[in-house]
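1. generate coordinates for the sequence data below:
(4 chains)
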Protein chains: 4
Amino acid sequence: MIEAKKLKEDDLGQQAETVKECMKTILEDVRSYIDRIHDEDIDQMINILLEARKIFIMGAGRSGLVGRAFAMRLMHLDLEVHVVGETTTPAFTSEDVLVTISGSGETSSVVNAAEVAKKKSGKVVTITSYPDSTLAHMADVLVVVKGRSKEGVPASYIERELRPYEKLTPLGTLFEDCCMIFLEGIVASLMEVLEKGEKDMKAKHAVLE
Amino acid sequence: MIEAKKLKEDDLGQQAETVKECMKTILEDVRSYIDRIHDEDIDQMINILLEARKIFIMGAGRSGLVGRAFAMRLMHLDLEVHVVGETTTPAFTSEDVLVTISGSGETSSVVNAAEVAKKKSGKVVTITSYPDSTLAHMADVLVVVKGRSKEGVPASYIERELRPYEKLTPLGTLFEDCCMIFLEGIVASLMEVLEKGEKDMKAKHAVLE
Amino acid sequence: MIEAKKLKEDDLGQQAETVKECMKTILEDVRSYIDRIHDEDIDQMINILLEARKIFIMGAGRSGLVGRAFAMRLMHLDLEVHVVGETTTPAFTSEDVLVTISGSGETSSVVNAAEVAKKKSGKVVTITSYPDSTLAHMADVLVVVKGRSKEGVPASYIERELRPYEKLTPLGTLFEDCCMIFLEGIVASLMEVLEKGEKDMKAKHAVLE
Amino acid sequence: MIEAKKLKEDDLGQQAETVKECMKTILEDVRSYIDRIHDEDIDQMINILLEARKIFIMGAGRSGLVGRAFAMRLMHLDLEVHVVGETTTPAFTSEDVLVTISGSGETSSVVNAAEVAKKKSGKVVTITSYPDSTLAHMADVLVVVKGRSKEGVPASYIERELRPYEKLTPLGTLFEDCCMIFLEGIVASLMEVLEKGEKDMKAKHAVLE
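-> Below you'll find the model as predicted:
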């Protein structure tokens, strides 16, 4: 455990600067990603979600949390949705779709789940930064979401361009935030297609906690 | 359960538009919030996190998931952090801080936890959209995060300005996304103060799942 | 964190004795409880579970885990069941039943949930050691499960009879284990009433994890 | 979803009989198991738990819930313990031990975790019904817990002896309950070795939920 360490007077205000710089970096990054999403991928993803009998969501770590935030909205929209690993999640069948979220596209527990889903003749949607990853190759619908991918990038570029990101957005931060915002968009679109308003969604909102 | 409903040819591309419009709306919204965060609130929050012996995180629903994504990063930074309600979360003591995340500032299970935290003479950080809420009033450090607050807003404005948001960002969406990005900023700042790099954080990353 | 401490040679075998003594204590304790369960409480509980549209399960700490183990079985039996606080748990309505599990019958988050359930005109089943507790008084069906209740017990008896239990079965152990075994019995009974066999249940078993 | 089905008058009391018969079956079953636990396995398991820097617990489904109930007690005993897959669970290192709980000893996500643990040069404790399973073979300490194992059992015996169990205790019920009670015994023993009383444990008890 680290020692508690009071910010010195001199640092006052400086931390606020770092916080805001990081926030702006993330926003710009997600913004630059939007125009590169393929319209057909979006339509295919929405189609497959609407056609499925049950939707299963899976991701590890922070990707899993982003997936859960999405699952909650699908439940509000009255779709049958389950998070892999939660208590009342039932069996996956051929009429179901598994949405996998993995920056690297290689997370082993997620790959395992996708393998089972394919064996059961169900569908797989993969959201990842790596279009050549194992999960990408298993996908019926693939959505490539910006992360801090270094594939095919010259070393000098990494040094100059990616280093500053490392400092502000460790590990999968950009992928997770891009994913979160992208999935909000999918929810907005589903609201439109399903003709659900805020009132309908509120009616499904958990009340016991 | 709703009936599966294939997108009609005519809708192709249109859903992509909605998805992207929603994403842009969220980004602009978070962007407009950044400049209004008080620098002192940020510094106080970072200070209180560094001084605490243990950090506890609590939120219900999607706010709770955003809290967990933050908790994971604090763990990567080698701070002792626990999520209220998880299996191995220990007792809260006077040396600890509870970070509550609640758009309305009134979620009853979160208010209860904050009451216990105060009774135990610990500290409370509240992140909310409502500076006059119960959780805001109990806070040692208060961070007001933009949501779709209607407080003090004329009805005509709501009709004209907020309705479109409702369609694209139901319920607490804006609060949750603002919160997510804001907490990424706090993490970036803690990395700087604690002099932790990406490598240090990766070393703490869960490997068994 | 405590220091690691290797068992001394002399202790070998002695720890096995303690482990086995504790196991026997628990078994005898649960055994002595069985004959005291009221048959009508069982029938009422089964009735209310079968009549409900959705079943919600709630408990804090280890009681919550016992509740989840029960919820998993109800899902295998094809009943609609949700654990309060999990990602995809929907709104509670007047056609639903909330099963609360709390040794003391006073756990505040559980009491809150029961209050909301009553306000929504739904049903409440309470499993507790204290028939005079808040949760017991709110119950439509009350099942009293043996715990280490000290109510109405002379101090000398506590000294002589309960102390040894304290050493072997800390805090709510007896309540939780009694509850676990009792709920297995409820599952066996539901299998009979619903004419479900092991094969039917296996078909619903989660496969993606 | 099945149709709600009210118990008929004639069935009143009969369900209570099934419930109680199931409870007795489980208790006898666990009882018959106690004398067959090897004393050395118990001592080795306690030793390895005490020597570990961090204890990780993993199981899928109901076995995972039994593992969490155990993890909560280890936390009360002030040992550093984490549940694989929870938010704040850190990296596993060579000084740590992974306790795996799996009736079949073949659950793929658990096998994966054990493989990583071995690769990291840490220790593995396996609790299973199958001494020849993958997880059993990977174990530094193996505890065989009674389940409804059919290994080496003549078909006629299965028909005569195991069928009735199937009706009352579906799938892994016996394994899970045996495990639960066995781990309570391990907790009692650790309390003794670590000289912890109920009061010490209560002091660590979660208070914010």
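2. roughly how far does the most centrally placed residue in chain A sit from chain B?
-> Closest residue to the average C-alpha location of chain A: A:Cys179 at 3.4 Å, with C-alpha atoms, centre = their mean. Distance of A:Cys179 to chain B, computed by C-beta to the nearest C-beta, to the nearest Å: 11 Å. Any C-beta I mention is one placed from the backbone N, CA and C, and that applies to glycine too.
3. so that residue touches A:Val66, yeah?
-> Yes: A:Cys179 lies in contact with A:Val66 (C-beta atoms under 8 Å); the separation is 5.0 Å.
4. quick one: find the helix or strand in chain A with the lowest mean pLDDT.
-> helix A:155-157 (a mean of 54; mean pLDDT, DSSP states H and E).
5. Three-state assignment for the residue nearest to the centre of chain A, please.
-> helix (DSSP: H, G, I helix; E, B strand; the rest coil).
6. for the helix or strand that contains A:Leu74, buried residues please.
-> Element membership for A:Leu74 (DSSP states H and E) is helix A:61-76. Neighbour counts over helix A:61-76 (16 or more other C-beta atoms under 10 Å in any protein chain shown) mark A:61-76 as buried.
7. that older thread, shared neighbours of A:Cys179 and A:Val66, anything?
-> Counting by C-beta atoms under 8 Å, 6 or more residues apart in numbering or on different chains, the shared contacts of A:Cys179 and A:Val66 are A:Ile101.
8. so what's the residue nearest to A:Val187 when sequence neighbours are not counted up against?
-> Closest residue to A:Val187 apart from its sequence neighbours, by C-beta to C-beta, 6 or more residues apart in numbering or on different chains: A:Arg73 at 4.5 Å. Applying C-beta under 8 Å, 6+ apart, we find A:Arg73 in contact with A:Leu183, A:Glu184, A:Val187, A:Met201, B:Arg62, B:Pro170.
9. returning to what we had before: how far off centre is the helix holding A:Leu74?
-> In terms of C-alpha atoms, centre = their mean, to the nearest Å, the centre of helix A:61-76 is set 8 Å apart from its chain centre.
10. swap in stretch A:189-205?
-> Going by C-alpha atoms, centre = their mean, where stretch A:189-205 is centred and where its chain is centred differ by 21 Å.
11. element containing A:Leu174?
-> Going by DSSP H and E, A:Leu174 is in helix A:173-193.
12. what element comes up after that helix heading to the C-terminus?
-> Following helix A:173-193 toward the C-terminus (DSSP H and E): helix A:198-204.
13. which residues touch that following helix?
-> Here helix A:198-204 makes contact (C-beta under 8 Å, 6+ apart) with A:Arg73, A:Met75, A:His76, A:Leu77, A:Asp78, A:Met191, B:Glu166, B:Lys167, B:Pro170, B:Leu171, C:Pro90, C:Ala91.
14. go through those residues and say which is closest to D:Glu115.
-> Of all these, D:Glu115 sits closest to A:Met75, with 34.4 Å by C-beta to C-beta.
15. hey, where'd the helices end up in chain A?
-> A:14-34, A:39-51, A:61-76, A:108-119, A:134-137, A:155-157, A:163-168, A:173-193, A:198-204 (DSSP state H).
16. give the buried residues for the last one.
-> Right, helix A:198-204. Buried-residue list, helix A:198-204, by 16+ other C-beta under 10 Å: A:Glu198, A:Met201, A:Lys204.
17. average pLDDT across that helix?
-> When pLDDT is averaged over helix A:198-204, the result is 86.
18. wait, doesn't A:Met138 sit right on A:Thr128?
-> No: A:Met138 is beyond contact range of A:Thr128, at 10.6 Å (criterion: C-beta under 8 Å).
19. show me which of the two is the more surrounded one.
-> Set side by side, A:Met138 and A:Thr128 show more neighbours around A:Thr128, with 29 against 18, by other C-beta atoms under 10 Å in any protein chain shown.
20. what's opposite the more buried one in the beta bridge?
-> Here A:Thr128 sits in beta bridges with A:Val144, going by DSSP bridges.
21. against A:Gly172, how distant is it?
-> 11 Å (C-beta to C-beta, to the nearest Å).
22. same check on A:Asp39?
-> 25 Å.
23. do A:Thr88 as well
-> 28 Å.
24. and A:Ser104, by the same measure?
-> Counting by C-beta to C-beta - A:Ser104 and A:Gly172 are separated by 8 Å.
25. compare these two (neighbour count), which wins?
-> A direct count of neighbours by other C-beta under 10 Å for A:Ser104 and A:Gly172 places A:Gly172 higher, at 21 against 17.
26. ok, that one touching A:Ser63?
-> Yes: contact criterion C-beta under 8 Å: A:Gly172 and A:Ser63 qualify, at 6.8 Å.
27. identify the contacts common to those two.
-> A:Gly103.
28. near chain D, which residues of chain A show up?
-> Chain A has residues A:Leu65, A:Gly85, A:Thr87, A:Ser108, A:Ser109, A:Asn112 near chain D, with proximity defined as C-beta under 8 Å from any C-beta of the partner chain.
29. so the last one sits against D:Ser108, correct?
-> Which is A:Asn112. Yes: using C-beta under 8 Å, A:Asn112 is in contact with D:Ser108, at 5.6 Å.
30. so where's chain A shaky on pLDDT?
-> A:1-13, A:148-167 (pLDDT under 70).
31. let's see that with 80 instead.
-> Scanning chain A for pLDDT under 80 picks out A:1-13, A:146-171.
32. what residues does chain A put near chain C?
-> Going by C-beta under 8 Å from any C-beta, the residues of chain A near chain C are A:56, A:58, A:68, A:71-72, A:74-75, A:81-92, A:98, A:109, A:113, A:116-117, A:120, A:203-209.
33. show the buried residues in these.
-> Applying 16+ other C-beta under 10 Å to those flags A:56, A:58, A:68, A:71-72, A:74-75, A:81-92, A:98, A:109, A:113, A:116-117, A:120, A:204, A:206-209 as buried.
34. mind listing what A:Leu135 touches?
-> Neighbours of A:Leu135 in contact, by C-beta under 8 Å, 6+ apart: A:Thr100, A:Ser102, A:Gly105, A:Glu106, A:Thr107, A:Val110, A:Val111, A:Ala114, A:Val124, A:Thr126, A:Thr128.
35. just the buried members of those?
-> Among the contacts of A:Leu135, the ones that count as buried (16+ other C-beta under 10 Å) are A:Thr100, A:Ser102, A:Gly105, A:Thr107, A:Val110, A:Val111, A:Ala114, A:Val124, A:Thr126, A:Thr128.
36. do I have it right that the second one meets A:Thr128?
-> Yes: here A:Ser102 lies in contact with A:Thr128, judged by C-beta under 8 Å, at a distance of 5.4 Å.
37. got a list of what A:His76 touches?
-> With C-beta under 8 Å, 6+ apart, A:His76 has these contacts: A:Met201, A:Lys202, A:Lys204, A:His205, B:Pro170, B:Leu171.
38. how near is it to A:Asp96?
-> 20 Å.
39. ok, A:Val81 next?
-> 10 Å.
40. now do the shared contacts for the two.
-> A:Lys54, A:Ile55, A:Phe56.
41. how about A:Lys54, phi and psi?
-> phi -130, psi 140 (degrees, to the nearest 10).
42. what residues does it make contact with?
-> With C-beta under 8 Å, 6+ apart, A:Lys54 has these contacts: A:Glu80, A:Val81, A:His82, A:Pro90, A:Phe92, A:Thr93, A:Glu95, A:Asp96, A:Val97.
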